[in-house]
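[1] Sequence isn't available, so here's the structure alone:
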Ligand SMILES: C[S@@+](CC[C@H](N)C(=O)[O-])C[C@H]1O[C@@H](n2cnc3c(N)ncnc32)[C@H](O)[C@@H]1O
């Protein structure tokens, strides 16, 4: 089966689940809009993450994976605002963090802030589908609320790249619920999505979220040596990917 045609719910998705997806881009994916709209969405992501303590919770889930390493080298992909990397540095006294995003304005904003002045942080522009670092350059790579931005062929490429450059790759993304529950979630989001860019992107994110079945198919398509483990973290799903060889 061609991975590029895989539904977001996976090849075994139900009839209804296959209808709960979209190719419509989020504001964050568009270059034809006023950049202030994108910055507003990024600010809200940061704010919501701080209020709900998502950044600390994810750092707390990921850091035990490198507990046996004195100075773990950690790569954050799709950092957006950098708050996850900041949480990692706050929670681990010797971690070295490379903070990256594909978006040059996000990268320059992160570099102009606290992370840009931290001697344990490096800030760079990196495309997660083409990381441009030697094999096993990092002990851990992180990708939060970003995986769904990529269509299946590119998402598989990210799994291949991140597990090539890092021993463990942690993806945290919106949990894709059973189709009937998903309909209710989408209906509750729709009125806000019509007037609020953050909710607009949230609704599209939900439609584009990958299921566990889809993750397994993406990993198999990227490289049969990649294994994936799943857990829940609040309203999100956490996937830990690594290579067996
Ligand atoms: C919804 S934001 C998530 C920001 C932050 N990680 C968070 O948890 O709030 C998605 C981010 O993924 C980035 N992104 C999209 N495609 C990417 C790619 N191919 N490589 C790296 N980053 C990418 C976007 O620029 C954006 O900053």
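    On my side now, so go ahead. Everything numeric here is computed off the predicted structure, so don't read it as measured data.
[2] The residue nearest to residue 33 when sequence neighbours are not counted: what's it in contact with?
    Nearest residue to residue 33 in three dimensions, chain neighbours excluded: residue 27, at 5.9 Å (Cβ to Cβ, 6 or more residues apart in numbering). Quick note: C-beta positions are derived from backbone N, CA and C, even for glycine. Going by Cβ atoms under 8 Å, 6 or more residues apart in numbering, residue 27 touches 33, 37-38, 41, 197, 200-201.
[3] Enumerate the residues of this structure near the ligand.
    28, 45, 49, 77-80, 101-103, 106, 127-129, 144-146, 149 (Cβ under 6 Å from any ligand atom).
[4] contact partners of stretch 151-159?
    With Cβ under 8 Å, 6+ apart as the test, stretch 151-159 has contacts from 3-6, 23, 77, 128-130, 143, 147, 150, 169, 210, 214, 218-219, 221-223, 226, 241.
[5] Now that stretch: buried residues?
    For stretch 151-159, the neighbour count (16 or more other Cβ atoms under 10 Å) marks 152-159 as buried.
[6] Now, the residues you listed that are in helices?
    152-159 (DSSP state H).
[7] quick check, residue 201 in a helix?
    Yes: under DSSP: H, G, I helix; E, B strand; the rest coil, residue 201 sits within a helix.
[8] Report how many residues lie close to it.
    24 (other Cβ atoms under 10 Å).
[9] roughly how far apart are the closest residue in space to it that isn't next to it in sequence and residue 17?
    Nearest residue to residue 201 in three dimensions, chain neighbours excluded: residue 26, at 4.1 Å (Cβ to Cβ, 6+ apart). Residue 26 sits 20 Å away from residue 17, taking Cβ to Cβ, to the nearest Å as the criterion.
[10] and if you look at residue 173?
    Separation of residue 173 from residue 17 (Cβ to Cβ): 16 Å.
[11] rewinding a little: just the buried subset of the contacts of stretch 151-159, please.
    Taking 16+ other Cβ under 10 Å as the criterion, what is buried in the contacts of stretch 151-159 is 3, 6, 77, 128-129, 143, 147, 150, 169, 210, 214, 218-219, 221-223, 226, 241.
[12] So which of those belong to helices?
    Using DSSP H, the members of these that fall in helices are 214, 218-219, 221-222.
[13] Do a quick rundown of the strands in the chain.
    In the chain, strands defined by DSSP state E lie at 73-77, 96-101, 121-125, 138-144, 166-174, 226-233, 236-243, listed in chain order.
[14] correct me, but residue 150 touches residue 143?
    No: using Cβ atoms under 8 Å, residue 150 is not in contact with residue 143, being 9.7 Å away.
[15] Find the residues that touch each one of those two.
    With Cβ under 8 Å, 6+ apart, residue 150 and residue 143 have common neighbours 128, 158.
[16] Is it possible to get a markdown table of the strands of the chain that adds distance to residue 184 and mean pLDDT?
    Below are the strands of the chain laid out as a markdown table (distance: least, Cβ to Cβ, whole Å; pLDDT from 0 to 100):
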| stretch | distance to residue 184 | mean pLDDT |
| --- | --- | --- |
| strand 73-77 | 31 | 98 |
| strand 96-101 | 32 | 98 |
| strand 121-125 | 39 | 98 |
| strand 138-144 | 25 | 98 |
| strand 166-174 | 15 | 98 |
| strand 226-233 | 18 | 98 |
| strand 236-243 | 18 | 98 |
